[in-house]
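Asks: below are the sequence and a predicted model; questions follow.
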Protein chains: 2
Amino acid sequence: MKSKIHCLLALCVISGLAIPALADPLPSWSDREARTRIIDFVEAVSDPRSEDYITPAARIAVFDNDGTLWSEQPIYFQGLFAIDRLREMAHEDEAILSTDLLRAAVAGDLGVVAEAGHEGLLEILKVTHADTTVADFQGRVVEWMASATHPETGLLYRAMVFQPMLELLSYLRDNQFSTYIVSGGGLHFLRAVAEELYGVPPDQVIGSSGQTRYAEMEGTPQLVKDPAIAFIDDKAGKPVGIDTHIGKRPIFAAGNSDGDFEMLEYTMAGAGPRFGMIVHHSDAEREWAYDRDSPVGRLARGLDEGPGRGWLIVDMASDWERIWPAR
Amino acid sequence: MKSKIHCLLALCVISGLAIPALADPLPSWSDREARTRIIDFVEAVSDPRSEDYITPAARIAVFDNDGTLWSEQPIYFQGLFAIDRLREMAHEDEAILSTDLLRAAVAGDLGVVAEAGHEGLLEILKVTHADTTVADFQGRVVEWMASATHPETGLLYRAMVFQPMLELLSYLRDNQFSTYIVSGGGLHFLRAVAEELYGVPPDQVIGSSGQTRYAEMEGTPQLVKDPAIAFIDDKAGKPVGIDTHIGKRPIFAAGNSDGDFEMLEYTMAGAGPRFGMIVHHSDAEREWAYDRDSPVGRLARGLDEGPGRGWLIVDMASDWERIWPAR
């Protein structure tokens, strides 16, 4: 393996390829402290001559998804997918709208859905995300993502990923980090789109999941989604999910809400250099501004304790020159 | 990325490095049908000009561990680790030996333990694998693996991995396969040693697991192992574990017992070229000979149905020139 790496470096010089560090790796980040701190950290852990050097195998970075890699207002996008699906299902059989929440959701009353919190969302997911093969479910997610638009911005959901975070993911991978998504959202939902949206393959997506069952469907052994919950990848569940899937303590963690607190705490508690960051939604003009009082993406403890713990608080309004990708 | 690959290939020619396919990739495999079928498959899916070509991202290979990558008689090696640990614990407090099975285990009556099957093993694991941090537990596994010896062969356990399977793992990785272990054994146990034994990093190990809990221990937020079972990665659990961790249907699966049947069935049911193999323990002289009647690694359905389904049955006695690595 060593000889292969030598090959690579040698020929990059010969063919005159740009060395990644020479180009601006984070063009959508303002020239402020946040950008400097990220670059200083990545350079320190990647430089074999640095005393903070960390081997590539230990360069594990974990990212929350909703509110960290893409927007999450007025409710999580998976919830909007579920409501669109619920409408389709109710069109065929109105009897499935058996609760006030389900009726409010189909009527488009997103305030009621947001106020119902995670439990409300789970109620909608149980109806819309079960009794289907994983393959069929993911096919529907891909189809939805290709054409559905956001109720307030009118944009395709895929156009509401955060350009500065896409750059950060690429920058880390260019420096031999493994980039994982650790989301409170659904494992199968997110995996259907994470590679296209973020360049993160299915095996590097960790999320909440329902029970799945191995069964023959239409003559083929497949995996079938059941309504029972298997794992909630939120709060203290995030370190558990990281341990179950990755088996190593990350050195870099990014989140945006108090659901990410334990993931950052766990990451930062390891020995050696560590980086924790929280995206603070402070830009009502270009995106949304919310923290302590938002039913979606509530952020209070992270704001209060994060700076004292050395976590970077990213101020969207001033640290990001662009929010979503150029169209 | 494309330009980097071009670099690599170009310079390999310049510096005269051997191209892997030219050396014998499977030197411990006899020159028989098993070896030919493996090589034909790997070459077909790796050759961009072949109609069976599969992209590297889809080249997912899954391996059972006990009986497939290392020996498993007279009982699973993790069981032997657990019994050694149980002895240590009983030395401090004999009251933990509260059942006949636990007393038989400490007395070294492995026949009783083997006959008690998975449930018996779980009883021992619950006592020995819980109420410890993951880090402390894995430290003990590493220590044990460095010095403990097998009760019948007197060999270090690490010396009882299958040399032909080590070659197969390397051969697949050289051809850009991702090699995962999908074991009925314990996730934390196996991860502690899989990288050293097989070159498989922790995030590519899937296994059975107890509940883990995020908690502060000795001033540091850590993961703590609880006695309750979270997931059994055996039989129909193997396709579920593969879906949860990898999120793709493998194209290559290797097992040795009926606990691997569903994993092979799931793998082989996908579209396009597939490879399934079963290691048949047929060599009483160099290892052990067992199948239908063995309480450990029972193999009946795989023998009966495997050949008709196109699965390769590897005959250890004649297909392998060597069983364990040279010392």
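Replies: Now that the structure is in, tell me what you want to look at.

Asks: for A:Gly108, grab the count of nearby residues.
Replies: Each residue near A:Gly108 was counted by other C-beta atoms under 10 Å in any protein chain shown, and the total is 12. The way it works is simple: take the backbone N, C-alpha and C, and place the C-beta from them, glycine included.

Asks: quick check: closest non-adjacent residue to it.
Replies: Counting by C-beta to C-beta, 6 or more residues apart in numbering or on different chains, A:Pro151 is the residue found nearest to A:Gly108 once chain neighbours are left out, at 7.4 Å.

Asks: go ahead and confirm A:Ala82 touches A:Thr128.
Replies: Yes: A:Ala82 is in contact with A:Thr128 according to C-beta atoms under 8 Å; the separation is 4.5 Å.

Asks: tell me the domain ranges of chain A?
Replies: Here the domain parsing of chain A from automatic domain parsing is A:28-72+A:161-319, A:77-147.

Asks: any idea which of those domains gets closest to B:Pro56?
Replies: Of all these, it is domain A:28-72+A:161-319 that lies closest to B:Pro56, at 11.2 Å by C-beta to C-beta.

Asks: distance between the ends of that closest one?
Replies: Counting by C-alpha to C-alpha, to the nearest Å, the length from the leading to the trailing residue of domain A:28-72+A:161-319 is 9 Å.

Asks: pLDDT (mean, whole number) over that domain?
Replies: The average pLDDT within domain A:28-72+A:161-319 is 97.

Asks: and that domain, anywhere near chain B?
Replies: Yes: in terms of C-beta under 8 Å from any C-beta of the partner chain, part of domain A:28-72+A:161-319 sits within range of chain B, namely A:57, A:178, A:187, A:191, A:201-203, A:205, A:209, A:212-214, A:220-223, A:236-237, A:239-240, A:243-248, A:262, A:265-266, A:269.

Asks: spit out the contact partners of A:Ile124.
Replies: By C-beta atoms under 8 Å, 6 or more residues apart in numbering or on different chains, A:Ile124 lies in contact with A:Gly79, A:Ala82, A:Ile83, A:Leu86, A:Leu101, A:Leu102, A:Ala105, A:Val113.

Asks: would you mind giving those residues as JSON lines with distance to chain B and pLDDT added?
Replies: Putting the contacts of A:Ile124 into JSON lines (distance: C-beta to the nearest C-beta, whole Å; pLDDT from 0 to 100) gives the following:
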{"residue": "A:Gly79", "distance to chain B": "22", "pLDDT": "95"}
{"residue": "A:Ala82", "distance to chain B": "20", "pLDDT": "96"}
{"residue": "A:Ile83", "distance to chain B": "25", "pLDDT": "96"}
{"residue": "A:Leu86", "distance to chain B": "25", "pLDDT": "96"}
{"residue": "A:Leu101", "distance to chain B": "28", "pLDDT": "95"}
{"residue": "A:Leu102", "distance to chain B": "28", "pLDDT": "96"}
{"residue": "A:Ala105", "distance to chain B": "28", "pLDDT": "95"}
{"residue": "A:Val113", "distance to chain B": "28", "pLDDT": "91"}
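
Asks: out of the residues you listed, which are buried?
Replies: By neighbour count, with 16 or more other C-beta atoms under 10 Å in any protein chain shown, the contacts of A:Ile124 hold A:Gly79, A:Ala82, A:Ile83, A:Leu86, A:Leu101, A:Leu102, A:Ala105, A:Val113 as buried.

Asks: so what does the longest helix along chain A touch, helix or strand wise?
Replies: Scanning chain A for the helix with the most residues, using DSSP state H, yields helix A:77-92. Here helix A:77-92 touches helix A:100-106, helix A:117-128, helix A:134-147, helix A:187-198, going by 3 or more C-beta pairs under 8 Å, 6 or more residues apart in numbering or on different chains; DSSP states H and E.

Asks: ok, 7 Å please
Replies: Helices and strands touching helix A:77-92, by 3 or more C-beta pairs under 7 Å, 6 or more residues apart in numbering or on different chains; DSSP states H and E, are helix A:100-106, helix A:117-128, helix A:134-147.

Asks: quick check, A:Gly185 in a helix?
Replies: No: secondary structure assignment places A:Gly185 outside any helix; it is strand (DSSP: H, G, I helix; E, B strand; the rest coil).

Asks: do I have it right that it meets A:Ile75?
Replies: No: judged on C-beta atoms under 7 Å, A:Gly185 makes no contact with A:Ile75 at a distance of 11.6 Å.

Asks: what segments of the stretch 151-300 of chain A are strands?
Replies: Using DSSP state E, counting those that start in this stretch, the strands of the stretch 151-300 of chain A run over residues A:178-186, A:205-217, A:220-231, A:252-255, A:275-280.
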